[in-house]
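In: structure here, sequence nowhere to be found:
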């Protein structure tokens, strides 16, 4: 399952376990900043992760 809006492979992310990140499709605000333009755009257009 894709856990991100941009298609990044979250299982390869070093921060996933370090900060207990569930992936941007499951969180409101990304851990790296106030917002993510890709996440915001996808959600505004109702484009959700492929499963």
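Out: That came through, no problem. Treat the numbers as computed from the prediction; the structure is a model and nothing was measured.
In: next one, pLDDT for the residue nearest to the spatial centre of the chain please.
Out: By CA atoms, centre = their mean, the chain has its centre lying nearest to residue 24, at 2.2 Å. The per-residue pLDDT reported for residue 24 equals 84.
In: just the buried positions in the strand or helix carrying residue 42, please.
Out: Using DSSP states H and E, residue 42 falls within helix 37-44. By 16 or more other CB atoms under 10 Å, the buried positions in helix 37-44 come out as 38, 39, 42. Backbone N, C-alpha and C define where each C-beta goes, glycine included.
In: could I get the residues you listed as JSON lines with pLDDT and distance to residue 7?
Out: Listed next are these as JSON lines, based on pLDDT from 0 to 100; distance: CB to CB, whole Å:
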{"residue": "38", "pLDDT": "88", "distance to residue 7": "9"}
{"residue": "39", "pLDDT": "88", "distance to residue 7": "12"}
{"residue": "42", "pLDDT": "88", "distance to residue 7": "10"}
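In: quick one: end-to-end length of stretch 16-30, please.
Out: Start-to-end span of stretch 16-30 (CA to CA, to the nearest Å) is 12 Å.
In: isn't residue 36 up against residue 30?
Out: Yes: between residue 36 and residue 30 a contact is recorded at 4.8 Å, counting by CB atoms under 8 Å.
In: what do these two both touch?
Out: Common neighbours of residue 36 and residue 30 (criterion: CB atoms under 8 Å, 6 or more residues apart in numbering): residue 24.
In: run a quick neighbour tally on residue 17.
Out: 9 (other CB atoms under 10 Å).
In: quick one: it from residue 28, how far?
Out: 20 Å (CB to CB, to the nearest Å).
In: what's the answer for residue 21, then?
Out: 13 Å.
In: just how off-centre is the lowest-mean-pLDDT helix or strand in the chain within its chain?
Out: Counting by mean pLDDT, DSSP states H and E, the chain has its least confident helix or strand at helix 15-18, which shows a mean of 84. Taking CA atoms, centre = their mean, to the nearest Å, one finds helix 15-18 lying 13 Å from the centre of the chain it belongs to.
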